[in-house]
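Colleague: have a look; sequence and predicted model below, questions after that.
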Amino acid sequence: MRVRFPSLAPMKKIAVIGGGVIGQYISWKLSRAGYNVSVFDYRKKEYLKDKSCSVLVSERIKDFIPITDDIIENTIEFCDINFNRRKTTLKFSPKHLALNKEKLMNMLLDLNIKNGTRFFFETRVKKIPKDFDFIIGCDGADSTVRKILKLKNPKMKMGVQWCLNQKDYSKTTETFLRKNGFAWRIPRGEKIECGFFGDSDERGDDMKGALIPVPGFPFINAGLIFSNKDNVALCGDAMGLTKPWSGGGIIWGLYSADMLVKNFPNFKKYKKEVIGFFWWKILIGKILNNLVHFLGVYFPYVIPKKIYYDNDFSVAFRGKK
């Protein structure tokens with residue numbers, strides 16, 4: 001992080017649209033640097049935790065956010081991928097953490113408030129706010145800021161999520177291959193999370209409890225969409241930045257958020273750094289994702305039974321004998 005002059009920082013007023021993990025992380029970092037930051041979110045304060053998101057992230061999150069033990073519901077070391085005729089086990093490196101969304105959001109809120117961030121809840125932004133020097137859109141895959149700027153949307157898929165009131169502290173999450181996506185089951189300690197990501201609401205008989213998914217059908221995308229204005233930037237899901245093989249995006253979003261904070265207020269330099277870091281990871285991720293789906297359906301025995309796997313940057317696999 002470059003050195004700043006505290007006397008100049010308060011002159012810049014920043015509006016962060018979206019109070020999710022990425023929005024609050026950026027607002028915390030900029031507030032701590034001395035900027036005048038306001039966060040706008042259409043939800044009530046107590047409902048920030050309700051956005052559909054597994055919050056199953058690698059231990060890399062500790063490099064960004066001071067995660068405490070009480071936020072961690074379970075530690076996941078393995079992932080079983082169930083193909084039609086074969087099962088492959090991934091050994092996560094680094095391990096993954098199933099986090100409590102409510103505690104995580106409350107911690108980020110506390111960090112922001114201590115550094116002077118102002119929050120405007122139950123405020124739906126319909127146009128670019130005036131009286132601000134810079135606008136940062138962190139309002140999710142179905143971004144209002146992106147719509148206001150009339151930017152092209154990336155290709156979107158649908159996701160559903162629901163939970164079972166069953167205790168499970170096992171260290172293995174499970175995924176089930178679908179035609180255009182996958183279903184999952186995550187042991188979260190005091191409950192089991194189930195979900196589906198793909199082009200339809202197909203879940204299959206191998207999922208426990210065909211319950212009505214709640215809280216809804218969030219959009220998930222994978223791509224890079226940038227603002228067409230010099231004083232407006234997009235970050236995280238609002239930029240379309242999610243992993244093409246899983247739809248997850250918190251770690252990727254935090255990487256991009258750090259790039260934004262580091263280069264602020266030079267959004268052009270931020271854009272250049274994001275493209276340089278992510279475009280080839282997205283491309284390779286899409287290729288690997290399509291390859292694994294093809295092999296899993298037609299040639300499952302080609303895939304190793306056990307693989308060491310980095311779920312954040314899966315540009316290569318290492319088979320385990």
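Modeller: Cool, the structure landed. Keep in mind it's a predicted model, so treat the numbers as computed, not measured. Residues are numbered from 1 along each chain as shown.
Colleague: what about the strands in the stretch 151-300 of the chain?
Modeller: Under the criterion DSSP state E, counting those that start in this stretch, the stretch 151-300 of the chain contains strands at 156-164, 172-178, 181-187, 192-198, 219-221, 232-234.
Colleague: out of those, deepest packed?
Modeller: Among the strands of the stretch 151-300 of the chain, ranked by average contacts under mean count of other C-beta atoms under 10 Å, first place goes to strand 232-234 (a mean of 26). Where C-beta positions appear, they are placed from N, C-alpha and C, glycine not excepted.
Colleague: circling back to that earlier point, wait, which of the strands of the stretch 151-300 of the chain is closest to residue 81?
Modeller: Closest to residue 81 of the strands of the stretch 151-300 of the chain is strand 172-178 (C-beta to C-beta; 5.2 Å).
Colleague: contacts for that closest one, please.
Modeller: For strand 172-178, the surrounding residues in contact (C-beta atoms under 8 Å, 6 or more residues apart in numbering) are 56, 76-84, 89, 96, 182-187, 196, 198, 202, 204, 206-207, 293, 296-297.
Colleague: again, only using 7 Å
Modeller: With contact meaning C-beta atoms under 7 Å, 6 or more residues apart in numbering, strand 172-178 is reached by 76, 78-84, 182-187, 198, 202, 204, 206-207, 293, 296.
Colleague: in CSV: the strands of the stretch 151-300 of the chain, plus mean pLDDT and distance to residue 118.
Modeller: Shown next, in CSV, are the strands of the stretch 151-300 of the chain (pLDDT from 0 to 100; distance: least, C-beta to C-beta, whole Å):
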stretch, mean pLDDT, distance to residue 118
strand 156-164, 79, 31
strand 172-178, 89, 38
strand 181-187, 89, 35
strand 192-198, 84, 33
strand 219-221, 58, 28
strand 232-234, 97, 19
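Colleague: tell me which of these sits nearest to residue 282.
Modeller: strand 219-221 (10.9 Å).
Colleague: for the stretch 1-150 of the chain, what spans make up the helices?
Modeller: 21-32, 101-114, 144-148 (DSSP state H, counting those that start in this stretch).
Colleague: that older thread, can you list the strands of the stretch 151-300 of the chain in JSON lines and add distance to residue 116?
Modeller: JSON lines is the format used below for the strands of the stretch 151-300 of the chain (distance: least, C-beta to C-beta, whole Å):
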{"stretch": "strand 156-164", "distance to residue 116": "34"}
{"stretch": "strand 172-178", "distance to residue 116": "39"}
{"stretch": "strand 181-187", "distance to residue 116": "36"}
{"stretch": "strand 192-198", "distance to residue 116": "35"}
{"stretch": "strand 219-221", "distance to residue 116": "33"}
{"stretch": "strand 232-234", "distance to residue 116": "21"}
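Colleague: list just the one of these that sits closest to residue 111.
Modeller: strand 232-234 (21.2 Å).
Colleague: the closest one: how far from the chain's middle?
Modeller: Here strand 232-234 is found 17 Å from its chain centre; the criterion is C-alpha atoms, centre = their mean, to the nearest Å.
Colleague: can you tell me what sits against that strand?
Modeller: With contact meaning C-beta under 7 Å, 6+ apart, strand 232-234 is reached by 128, 135-137, 143, 145-146, 149, 225-227, 260, 267, 270.
Colleague: so which of those is the closest to residue 66?
Modeller: The shortest gap between residue 66 and any of the contacts of strand 232-234 belongs to residue 260, at 19.8 Å (C-beta to C-beta).
Colleague: neighbours of residue 291, how many?
Modeller: The local packing of residue 291 (other C-beta atoms under 10 Å) involves 11 other residues.
Colleague: how much space separates it from residue 282?
Modeller: 15 Å (C-beta to C-beta, to the nearest Å).
Colleague: same check, this time on residue 231
Modeller: 26 Å.
Colleague: more neighbours, those two?
Modeller: residue 282 (18 against 14).
Colleague: returning to what we had before: which of the helices of the stretch 1-150 of the chain is buried the deepest?
Modeller: helix 21-32 (a mean of 26).
Colleague: contact partners of that helix?
Modeller: 14, 16, 37, 39, 64-65, 104, 108-109, 111-112, 115-117, 136, 138, 235-236, 250, 253-254, 257, 260-261, 264.
Colleague: among these, which ones are buried?
Modeller: Among these, those buried by neighbour count (16 or more other C-beta atoms under 10 Å) are 14, 16, 37, 39, 64-65, 104, 108-109, 111-112, 115, 117, 136, 138, 235-236, 250, 253-254, 257, 260-261, 264.
Colleague: tally of neighbours for residue 307?
Modeller: When neighbours are defined as other C-beta under 10 Å, residue 307 has 17 of them.
Colleague: correction: the previous question concerned residue 44.
Modeller: 10.
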